[in-house]
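Asker: make a model of this:
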Amino acid sequence: MLTKIIPRLLLILSFIFFVLFFTSLSYGGNYDEVLIFTNEKPIKNDFKKYAYLTGAVQNPGVYEIKDNERLIDLIIRSGGLLDMADQFAMSEKLNLSAKLKDEEKIFIPFKQEYKQYDANSLTDFSNNNLININLASKSELESLPGIGSVLAQRIIENRPFESLDDLKRVPGISDNKLNQIRSLIII
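Answerer: You can find the predicted model right below:
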């Protein structure tokens, strides 16, 4: 009796193995989730990372970035700086050796946006102490009446501005709010 059961059991196990083997070959699932083995080291498919470079560069736009890539490398890949790039503002506000992060927006300032500088701050002008909305830090923007943390971040994300009226494209900046801060800001 045992001699009849063993061959049948082996036949059933063989059939199960056969079905599982061929099912795994025809896997039609999400290949981003599949591990690939080469040289006995598992490698998972990575997602691409991007940064947005805008302002005074030859070719502004969205660039795919590599792990540990630096801002200076991205500027070089974009074709370099325009002659209108403000080197002083860059040295004050940007770290060219900074590692880039996914979804980062970097604005390279233009010379024409800035008239004269106070020795202490890019946003302070020697005669008025006006805040330049294209250069101001988040905390400097928050010092304006009616501008909180969220609105300051929206202003930063919508740079550059060519006129004060361009601020109205920022969600949360109404005509009244713009009129309230108009005398305190410049482009």
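Asker: residue 62: helix or strand, and which one exactly?
Answerer: strand 61-65 (DSSP states H and E).
Asker: show the average pLDDT along that strand.
Answerer: Averaged over strand 61-65, pLDDT sits at 91.
Asker: could you say what helices and strands the lengthiest strand in the chain packs with?
Answerer: The residue-count maximum for a strand in the chain (DSSP state E) belongs to strand 49-55. Applying 3 or more C-beta pairs under 8 Å, 6 or more residues apart in numbering; DSSP states H and E, we find strand 49-55 packed against strand 61-65, helix 71-77, strand 104-108. Where you see a C-beta, it was placed from the backbone N, CA and C, and this is true even at glycine.
Asker: residue 49 contacts residue 64, doesn't it?
Answerer: Yes: counting by C-beta atoms under 8 Å, residue 49 touches residue 64, with 6.9 Å between them.
Asker: just name the most buried of the helices and strands packed on strand 49-55.
Answerer: Of all these, strand 104-108 has the most neighbours on average by mean count of other C-beta atoms under 10 Å, namely a mean of 19.
Asker: in the chain, where is pLDDT below threshold?
Answerer: The chain contains residues with pLDDT under 70 at 1-2, 18-46, 112-129.
Asker: would you map the helices across it?
Answerer: Per DSSP state H, the chain carries helices over the ranges 2-25, 71-77, 87-93, 138-142, 149-157, 175-181.
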